[in-house]
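Undergrad: Sequence below, structure please.
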Amino acid sequence: MGLSRAYRLATMAVLLSVMAACGGQGARPAPSASPPVSPSSSPAPTEAALVPPAADPIAALPANLRPRVPRFAPPPPATKVTLPTNGTAAWLSRIPTDQKVAFITIDDGWDKNPLALKLFQAANVPITLFLEVNAISDNPAYFAQLRTAGATIQNHTISHPVLKGRSYAFQKHEICGGADQLAKLYGDRPTLFRPPGGAHDTTTLRAAHDCGMKAAFFWKEATNKGKVFYQEEHVVKPGDIILMHFRPRFVDDFLAVLNAIHQAGLTPARLEDYIP
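TA: Here you go, the predicted structure:
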């Protein structure tokens with residue numbers, strides 16, 4: 001066989017193999033200035049390559065806030081607390097657990113910072129909102145948006161009165177009324193309660209129970225103007241409940257709480273998951 005005929009036959013074989021690899025449609029690979037890389041030497045796609053930067057919720061924050069949002073591991077499976085059986089709601093300032101978790105709770109609802117939704121999405125942690133009906137009545141949709149980022153809504157009365165020392169009827173009206181109105185606004189009736197200022201008495205816990213509240217809560221740490229205030233040691237402990245408010249410096253407060261939890265080696269968990 002002459003050299004020219006052999007060369008033509010080899011060329012035809014290569015063309016046929018390319019057509020077969022392309023499904024027999026005659027498609028040709030795009031020209032390339034560099035030789036192809038074999039599959040065995042191709043680098044694995046990185047997370048950045050798989051997820052465009054715009055899909056990262058932290059990237060949606062202002063640039064000065066992005067480094068201040070810590071990353072957390074998922075919380076462990078919850079261990080349920082034991083509730084009273086004497087006709088009163090439980091009273092808790094810390095969840096009795098050795099698990100490395102803490103609980104973020106935010107009260108009232110007066111100041112509605114437009115960055116809250118993006119912060120919640122970027123942090124991607126469980127948060128419990130104890131909402132006062134009067135405080136949210138001008139814009140209940142704001143808190144419905146926060147629910148889409150994983151927040152849950154619980155009860156903080158209608159008008160934020162000091163309950164301690166008031167009559168059973170008064171306390172029951174504020175607690176039941178708050179739960180009922182939040183149910184109308186958001187579809188789910190709260191089962192957890194925080195008395196305004198934490199002030200309560202045995203009547204409060206009885207009225208809360210009669211209104212369907214399983215537990216009422218105090219706190220171990222609180223934050224204001226970007227500072228965390230501790231009742232005990234200068235560190236968040238496993239099971240601690242942390243108090244925030246919807247205040248003008250909401251962004252600083254929220255970031256301070258996240259970083260206090262992170263520095264303690266804990267991760268935020270959902271308060272509701274620990275209540276039977």
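Undergrad: so which helix or strand takes in the closest residue to Gly226 other than its chain neighbours?
TA: Excluding the flanking residues, the one nearest Gly226 by Cβ to Cβ, 6 or more residues apart in numbering is Asp252, at 3.3 Å. In this view, the C-beta of every residue, glycine as well, is placed from N, C-alpha and C. Per DSSP states H and E, Asp252 falls inside helix 250-263.
Undergrad: Just the buried positions in that helix, please.
TA: With burial defined by 16 or more other Cβ atoms under 10 Å, the residues of helix 250-263 counted as buried are Phe250, Val251, Asp252, Asp253, Phe254, Leu255, Ala256, Val257, Leu258, Ala260, Ile261, His262.
Undergrad: Thr152 falls within a strand, correct?
TA: Yes. The assignment for Thr152 by DSSP: H, G, I helix; E, B strand; the rest coil puts it in a strand.
Undergrad: ok, now which ones touch it?
TA: Contacts for Thr152 were tallied using Cβ atoms under 8 Å, 6 or more residues apart in numbering; they are Pro126, Ile127, Thr128, Leu129, Arg270, Leu271, Glu272.
Undergrad: switch to 6 Å and redo it
TA: Thr128, Glu272 (Cβ atoms under 6 Å, 6 or more residues apart in numbering).
Undergrad: Ile153 now?
TA: So Ile153 contacts Leu129, Leu131, Tyr186 (Cβ under 6 Å, 6+ apart).
Undergrad: Specify the local secondary structure of the first one.
TA: In this case it means Leu129. strand.
Undergrad: Give me the neighbour count for it.
TA: Look at Leu129: counted by other Cβ atoms under 10 Å, it has 23 neighbours.
Undergrad: With Lys118 instead?
TA: 18.
Undergrad: longest strand anywhere in the chain?
TA: strand 101-108 (DSSP state E).
Undergrad: Please compute how far stretch 246-264 lies from its chain's middle.
TA: Chain-centre distance of stretch 246-264: 13 Å, with Cα atoms, centre = their mean, to the nearest Å.
Undergrad: which stretches of the protein form strands?
TA: 90-92, 101-108, 127-131, 151-155, 192-193, 215-217, 221-224, 227-230, 241-245, 267-268.
Undergrad: Which residues does stretch 249-264 contact?
TA: By Cβ under 6 Å, 6+ apart, stretch 249-264 touches 68, 70, 102, 104, 113, 115, 119, 123, 223, 225-226, 228, 235-236, 242, 244, 268.
Undergrad: Then stretch 211-225?
TA: By Cβ under 6 Å, 6+ apart, stretch 211-225 touches 83, 89-94, 175-176, 179, 191-194, 198, 208, 228-231, 240-244, 249, 253, 256-257, 275.
Undergrad: The residues you listed, buried ones only, as a ChimeraX selection?
TA: Listed next is the ChimeraX selection for buried residues among the contacts of stretch 211-225, using 16+ other Cβ under 10 Å:
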select :89,90,91,92,94,175,176,179,191,192,193,194,198,208,228,240,241,242,243,244,249,253,256,257,275
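Undergrad: Let me know the pLDDT of Thr46.
TA: pLDDT recorded at Thr46 is 36.
Undergrad: before we move on, what about Ala55?
TA: In this model, Ala55 carries a pLDDT of 78.
Undergrad: picking up where we left off before, format the contacts of Ile153 as JSON lines; extra columns: pLDDT and distance to Phe143.
TA: JSON lines is the format used below for the contacts of Ile153 (pLDDT from 0 to 100; distance: Cβ to Cβ, whole Å):
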{"residue": "Leu129", "pLDDT": "99", "distance to Phe143": "6"}
{"residue": "Leu131", "pLDDT": "98", "distance to Phe143": "6"}
{"residue": "Tyr186", "pLDDT": "98", "distance to Phe143": "8"}
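Undergrad: count of residues packed around the closest residue to Tyr142 other than its chain neighbours?
TA: In space, Tyr142 comes closest to Lys112 once its chain neighbours are excluded; the distance is 4.7 Å by Cβ to Cβ, 6+ apart. Other residues near Lys112 come to 17 when the count uses other Cβ under 10 Å.
Undergrad: can you put the strands of the chain in CSV and add distance to Asn64?
TA: Shown next, in CSV, are the strands of the chain (distance: least, Cβ to Cβ, whole Å):
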stretch, distance to Asn64
strand 90-92, 36
strand 101-108, 22
strand 127-131, 22
strand 151-155, 24
strand 192-193, 34
strand 215-217, 33
strand 221-224, 19
strand 227-230, 19
strand 241-245, 21
strand 267-268, 23
